[in-house]
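Asker: Following is a predicted model, sequence given first.
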Amino acid sequence: MRGKCGLFFTSYPAEAQVFPSGFQKLMVGLFLLALAAAPLTLDAYLTSLMNLIFIAVIGAVSLNLLTGVCGQISLGHGAFLGVGAYAAGQCTLHGVPFVPAILAGGLVTALVGMVFGVPSLRLKGIYLAIATLAAQLVLEYAFLHGGALTGGAGGLLLAPPTILGFAFDDEFRQYYLLLGFAAAALPMVTNLMRTKYGRAFVSIRDFHLSAEIVGVNLFAYKLAAFGLSSFLAGVAGGLWGHYTGYISAEQFNIGLSISYLAMIIIGGLGSVIGSVFGAIFVTLLPELLNAVSNGLGAVFPDIAQHVVALREGVFGLVLILFLIFEPEGLAHRWRLVKAYWKLYPFAH
Amino acid sequence: MEYYLQLIVNGLVVGGIYSLVALGFVVIYKATKVVNFAQGELVMAGAYVCFALTVQFNIPFLWAFLVTLAFSVLLGLGIERMVLRPLIGEEHISVIMVTVGMSSVLKSLVQLFWGTQIKVYPQVLPTEPVVVAGLPVAPVYIAAFVLSAALFAIFSLFFKYSRTGVAMRATAFDQQAAQSMGIGIKNIFAMSWCIACVVSAVGGVILGNINGINAHLGHLGLKVFPAVILGGLDSLLGAALGGLIIGVLENVCDGAARQLLGLGGVREVAAFIILVVILMIKPYGLFGTREIERV
């Protein structure tokens, strides 16, 4: 483990802690307090950005579990979010309370994800990527032509989430709801990576033959990775659907899958904190571009009509630059920054 | 019956385009083992450049076409040198994602320069249909088919007999052995990207002549996957046949679903359902190299 200079442990449980030093625990506590207090100082627009980030964090961490930790490339994650959104939406439309509906959406998505994970038994690398691409396009078609189940091209209209009679009907209330879900998902994945399952996933990613030789049942664990990852993706999708109040097939296109992959690559493959960084980066990138184009609008009046085209191009460019110059993502940069300050001012 | 015959003929024409795009894909995969998700955008770039030259700069079509090919060579060189070479030896996911990023960049550049409106090519071929096997077919379709077939013949001969072609096959077979025999691997990689870009540009120009071009042309790149998986990822003949078969199959499925089930839009998804089936029963396709490995 990195970053443990000056820490000395006498037992394995102490060594395996997520936050081994008191300082780290303090900082995490302060960070959570700051997050809880943040809406007091933010306006509705910034709060809505935070809400989108929370949803993206859950989605990104779920994809990172499958692709970053277990090494199974998925180009169909956007469609898995969609399955969760439609399933949870149908549940609440039929009177199921919010939290069970979201969990049911997650379970349905886990089943669908496992069905599409079955080819992973035979397919690896690029073949699996192409198979999940097919899953994405087939599911997109199903969303659009699903009849009453998906509302077809018209989509589904959903009421704001309600828990025990309390309606989360504005941005600030949604903020706490989504913060709660994100704050539950991150420790879940962090801890999962420290269990037998997490270690098996890593061994499959690193070399499938050695994993099999040390007794990891490849098929079962790959399916488990698809199931767990899709469950969280479904939860993220359900939350997203209820957050926007409207589900349409276009939301869950191949572009969404790609932006989730971009999140985990920009953030750092196989790293939970990296998923968070990536989700923040990719969610804020379009907003940053909008701000820049508004600022430049006075100088170049035509820029506004090109923003849509530019947005995608800048997104692609950022992705390429990260892959070439920072292949380990923002999580790596974060470690370097922490290591620098740990020994400051004696860097060597 | 005539309905289905017409579907098959249309499918063959679309399939011819798929074959061309798939050819570019296979050339890259064969030599460099890079799965190119930006193939459709390369088609789009070629189509738009040729459009700009003929319509906006009023250059005669033939010259515009040649300049487009020259541009594609430069595009291929640039992409290989700046984007792909730094990633040699990286994991699959990095290489896949870098081509995905490249497709976004190319798409956005095209939108920036030409907008999202559909653009129509000037008519270079007569529009009166020619009767083939009792069915009316537009001359541009025939030209497309002939041109695709000619390109395949040229490249098959190129790979079989030319010095460079043999060097490319050697590189595909074993990079280290090829390098130790004095083959410049980097040149081969650059060469394969050039060929892929040129072939894609030809496909783009043909498509532009058939039904105009718009900024969503890049979706064509996704249709390449069923074609190359059916043919086998690293087989030229496979790409040719795979493209044609997928073109026909998706057209017939679409037509049948429309007529028998009253279901629209099957065209978009039929090829991918076929793809999943192929992957399940015969993952190395019709002519692909079998990798003996138990997963």
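Answerer: Yep, it's here. Model, not experiment: these values are computed from the prediction.
Asker: Tell me if the longest helix seen in chain A is near chain B.
Answerer: Assignment by DSSP state H gives helix A:218-244 as the longest helix of chain A. Yes. Counting by Cβ under 8 Å from any Cβ of the partner chain, chain B has neighbours in helix A:218-244: residue A:218. Glycine gets a C-beta too; all of them are placed from N, C-alpha and C.
Asker: same check, this time on stretch A:99-114
Answerer: No. Judged by Cβ under 8 Å from any Cβ, stretch A:99-114 makes no contact with chain B; its nearest approach is 13.8 Å.
Asker: quick one: buried residues of that stretch?
Answerer: For stretch A:99-114, the neighbour count (16 or more other Cβ atoms under 10 Å in any protein chain shown) marks A:101-110, A:112-114 as buried.
Asker: What about these, which are in helices?
Answerer: Filtering those for helices - DSSP H - leaves A:101-110, A:112-114.
Asker: possible to save these as CSV with pLDDT?
Answerer: Output for those, formatted as CSV (pLDDT from 0 to 100):
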residue, pLDDT
A:101, 94
A:102, 94
A:103, 95
A:104, 95
A:105, 95
A:106, 95
A:107, 96
A:108, 96
A:109, 95
A:110, 96
A:112, 93
A:113, 92
A:114, 92
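Asker: Return the member of the residues you listed nearest to chain B.
Answerer: residue A:112 (13.8 Å; Cβ to the nearest Cβ).
Asker: That closest one against residue A:80, yeah?
Answerer: Yes. With contact defined as Cβ atoms under 8 Å, residue A:112 counts as touching residue A:80 (6.9 Å).
Asker: Provide a list of residues in contact with the residue positioned nearest the centre of chain A.
Answerer: Geometric centre of chain A, nearest residue: residue A:60, 1.7 Å, by Cα atoms, centre = their mean. Residue A:60 is in contact with A:260, A:263-264, A:267, A:275-276, A:278-279, counting by Cβ atoms under 8 Å, 6 or more residues apart in numbering or on different chains.
Asker: Wait, a strand at it?
Answerer: No. Checked against DSSP: H, G, I helix; E, B strand; the rest coil, residue A:60 lies outside a strand; its state is helix.
Asker: what about the closest residue to residue A:238 other than its chain neighbours, helix or strand, and which?
Answerer: In space, and not counting its chain neighbours, residue A:238 is closest to residue A:88: 3.0 Å by Cβ to Cβ, 6 or more residues apart in numbering or on different chains. Per DSSP states H and E, residue A:88 falls inside helix A:77-93.
Asker: sorry, back to before: by contact count, what packs against the longest helix of chain A?
Answerer: helix A:44-63, helix A:77-93, helix A:98-117, helix A:171-192, helix A:196-206, helix A:208-213 (3 or more Cβ pairs under 8 Å, 6 or more residues apart in numbering or on different chains; DSSP states H and E).
Asker: by how many degrees do it and helix A:171-192 diverge?
Answerer: If you take axes from the mean of the first three to the mean of the last three Cα atoms, to 10 degrees, helix A:218-244 sits at 170 degrees to helix A:171-192.
Asker: Can you give me the buried ones in helix A:218-244?
Answerer: Buried positions in helix A:218-244, judged by neighbour count with 16+ other Cβ under 10 Å: A:218, A:221-243.
Asker: Quick one: work out the angle between it and helix A:98-117.
Answerer: Using the same axes, to 10 degrees: helix A:218-244 against helix A:98-117 is 140 degrees.
Asker: C-terminal to helix A:218-244, what's the next element?
Answerer: Going down the chain from helix A:218-244, the next helix or strand is strand A:246-247, by DSSP H and E.
Asker: List of residues touching that following strand?
Answerer: By Cβ under 8 Å, 6+ apart, strand A:246-247 touches A:82, A:85-86, A:89, A:150-151, A:155-158, A:241.
Asker: Please repeat the previous calculation with a cut-off of 10 Å.
Answerer: Residues outside strand A:246-247 that contact it (Cβ atoms under 10 Å, 6 or more residues apart in numbering or on different chains) are A:82, A:85-86, A:88-90, A:143, A:150-151, A:154-158, A:237-238, A:240-241.
Asker: that older thread, can you flag which of the contacts of residue A:60 belong to helices?
Answerer: Short answer: the contacts of residue A:60 in helices (DSSP H) are A:260, A:263-264, A:267, A:275-276, A:278-279.
Asker: just those residues that are near chain B?
Answerer: The residues of the ones in helices among the contacts of residue A:60 that also fall near chain B, by Cβ under 10 Å from any Cβ of the partner chain, are residue A:264.
Asker: Tabulate the ones in helices among the contacts of residue A:60 (TSV), appending neighbour count and pLDDT.
Answerer: Shown next, in TSV, are these (neighbours: other Cβ atoms under 10 Å in any protein chain shown; pLDDT from 0 to 100):
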residue	neighbour count	pLDDT
A:260	29	94
A:263	28	93
A:264	32	93
A:267	31	93
A:275	33	94
A:276	25	95
A:278	32	95
A:279	28	95
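Asker: out of the ones in helices among the contacts of residue A:60, who's nearest chain B?
Answerer: residue A:264 (9.3 Å).
Asker: If you drop the residues flanking it in sequence, what lies closest to that closest one?
Answerer: Sequence neighbours aside, residue A:64 is the residue nearest to residue A:264 in space, at 4.5 Å (criterion: Cβ to Cβ, 6+ apart).
Asker: Who are the contact partners of the one you found?
Answerer: For residue A:64, the contact set (Cβ under 10 Å, 6+ apart) comprises A:70, A:189, A:193, A:229, A:232, A:260-261, A:263-265, A:267-272, A:274-276, A:278-279.
Asker: for residue A:107, same thing?
Answerer: Neighbouring residues of residue A:107 by Cβ under 10 Å, 6+ apart: A:84, A:87, A:227, A:230-231, A:234-235.
Asker: nearest to chain B, of these?
Answerer: Of all these, residue A:230 has the smallest distance to chain B: 17.2 Å, by Cβ to the nearest Cβ.
Asker: now, of the helices and strands packed on helix A:218-244, which is deepest in the fold?
Answerer: With neighbours taken as mean count of other Cβ atoms under 10 Å in any protein chain shown, the helices and strands packed on helix A:218-244 reach their highest mean count in helix A:77-93, at a mean of 28.
Asker: what about the longest helix in chain B?
Answerer: helix B:2-32.
Asker: Just the buried residues of it, please?
Answerer: Here helix B:2-32 shows B:7-32 as buried, counting by 16+ other Cβ under 10 Å.
Asker: How about stretch A:27-47?
Answerer: In stretch A:27-47, counting by 16+ other Cβ under 10 Å, buried: A:35, A:39, A:47.
Asker: Which residue is the nearest non-sequential neighbour of the last one?
Answerer: Beyond its immediate neighbours in the sequence, the residue positioned closest to residue A:47 (Cβ to Cβ, 6+ apart) is residue A:171, lying 4.4 Å away.
Asker: low-confidence ranges in the chain?
Answerer: Using chain A here. A:1-6, A:301-305, A:347-348 (pLDDT under 70).
Asker: try again with chain B
Answerer: Those would be B:124-127, B:132-134, B:291-295, if you go by pLDDT under 70 across chain B.
Asker: Going along the chain, name the helices of the stretch 151-295 of chain B.
Answerer: For the stretch 151-295 of chain B, the helices defined by DSSP state H, counting those that start in this stretch occupy B:163-173, B:175-180, B:185-211, B:220-231, B:236-256, B:267-281.
Asker: Quick check: buried residues in the last one?
Answerer: For helix B:267-281, burial by neighbour count (16+ other Cβ under 10 Å) applies to B:267-276, B:278-279.
Asker: Good, we can wrap up now.
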